[in-house]
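Trainee: Pasting a predicted model and its sequence here:
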Amino acid sequence: MLKKRNTLRPAQHSSSSKKHAQAHEAVTGNEAWYGDKPPDLGQGFTAADAAERHTTVTEILLRAAKKADKHGNTASAEAYYQLLDKLEDCRLRHRCGSLACPGCARAYQKAKVAAHEDTITSLKKGPNKQLVFVTLIPKKLMYQPGQFSKIDVKKASRWLKDVLKEIGKRTILGSADLSWETRRGQGYIQLHWHLVMWTESPKKLKKKLASIFSRTKKHERPVKVRVADDLGVLPYLNKAIKLAELLRNKRTHLPELLLMLDRTDPIDLMVHTKMRLIAQSSQLAFKPIG
Ligand SMILES: [Zn+2]
């Protein structure tokens, strides 16, 4: 039987660059992101809601750890206990920074929404340009249960940025998103992206994107483009995963999903072109490149 450990595990992130670390610090070191000040993420996403979800997530992890232990899956049990320790140690001015932590995931979401709001508002894009909300769903980025450890958001985003060169050099801001989908009774995780960009013709842009992201079946819509009337899409764009919904009715694969979220760097979810992410007075911000 494994004992629950109480060692403190700081968040581990794939990049050790100073700027990257500063971006993390701007979120986890600023308690304002953990409260209920703007930006508002909508109903059901208050600090109290996150605290409630935190309790549920730790209960799920404890159950998964005990179950794995009972079945002799020592490695799995250890992984669940480690994540449980990390989440239980997350507290005021001592944040874990894990994407599997409902409180920290929400703080990152708020900080990103604020940075996107400020940047989009300040960017003056000619009178003919429209702000559009784009969803891109590459079919190859589907992961069945048991394969979640293969999800590499950073690598996938590098691929996306490379592919997007085909629509020309333009400013793009957005985030990767992980959704739980079901097809023919089989559940899987679909990695996809929500982006905002500017265009003179949403129709032409959609056509161009559709030529890059081909559909495989008639009913599938791998590319969605719609004019963004306001910035209300930003909390949705930056949600990373619909945790509340998964906790309500899709708990079966949550322990595995939580391990994957913990390995995923919240900053690496962000996708941007012609922009550089910086940390500025305990906030995230963007600076145009060049
Ligand atoms: Zn946390």
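Mentor: Looks like it came in fine.
Trainee: Contacts (any at all) between the ion and the longest helix anywhere in the chain?
Mentor: What stands out as the longest helix in the chain, according to DSSP state H, is helix 47-70. No. Taking CB under 5 Å from the ion as the criterion, helix 47-70 and the ion are apart, separated by no less than 7.7 Å. C-beta here means a position set from N, CA and C on the backbone, and glycine is covered the same way.
Trainee: quick one, strands of the stretch 101-250 of the chain?
Mentor: Listed in chain order, the strands found in the stretch 101-250 of the chain under DSSP state E, counting those that start in this stretch are 130-136, 142-143, 172-183, 186-199, 223-227.
Trainee: Relative to the ion, which of those strands is closest?
Mentor: strand 172-183 (18.1 Å; CB to the ion).
Trainee: For that closest one, buried residues please.
Mentor: Judged by neighbour count using 16 or more other CB atoms under 10 Å, the buried positions of strand 172-183 are Ile172, Leu173, Gly174, Ser175, Ala176, Asp177, Leu178, Trp180.
Trainee: model confidence over whatever helix or strand comes next after the longest helix of the chain, on average?
Mentor: Using DSSP states H and E, the helix or strand that follows helix 47-70 in sequence is helix 74-88. Averaging pLDDT along helix 74-88 gives 98.
Trainee: and the angle for helix 74-88 with helix 47-70?
Mentor: Helix 74-88 and helix 47-70 are oriented at 160 degrees to each other (axes from the mean of the first three to the mean of the last three CA atoms, to 10 degrees).
Trainee: Switch the strands of the stretch 101-250 of the chain over to TSV; also include distance to Asp162.
Mentor: Formatted as TSV, the strands of the stretch 101-250 of the chain follow (distance: least, CB to CB, whole Å):
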stretch	distance to Asp162
strand 130-136	13
strand 142-143	20
strand 172-183	13
strand 186-199	13
strand 223-227	17
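Trainee: Tell me which of these lies nearest to Phe45.
Mentor: strand 172-183 (15.6 Å; CB to CB).
Trainee: Mind listing residues that contact the longest helix of the chain?
Mentor: Under the criterion CB atoms under 8 Å, 6 or more residues apart in numbering, residues 1-2, 4, 34-36, 74, 76-77, 80-81, 83-84, 87-88, 90, 100-103, 106, 243-244, 247, 251, 254-255, 258 lie in contact with helix 47-70.
Trainee: lowest confidence element among the helices and strands of this structure?
Mentor: None of the helices or strands of the chain scores lower by mean pLDDT, DSSP states H and E than helix 243-249, at a mean of 89.
Trainee: going on from it, what's the next piece of helix or strand?
Mentor: Following helix 243-249 in sequence, per DSSP H and E, is helix 254-263.
Trainee: ok, that following helix near the ion or not?
Mentor: No. Judged by CB under 5 Å from the ion, helix 254-263 and the ion are separated, with a smallest distance of 10.2 Å.
Trainee: Quick one: name the residues of the stretch 51-200 of the chain near the ion.
Mentor: Residues of the stretch 51-200 of the chain lying close to the ion (CB under 5 Å from the ion) are Cys90, Arg95, Cys96, Cys101, Gly103, Cys104.
Trainee: would you turn those into CSV with neighbour count?
Mentor: Below are these laid out as CSV (neighbours: other CB atoms under 10 Å):
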residue, neighbour count
Cys90, 20
Arg95, 23
Cys96, 23
Cys101, 30
Gly103, 20
Cys104, 26
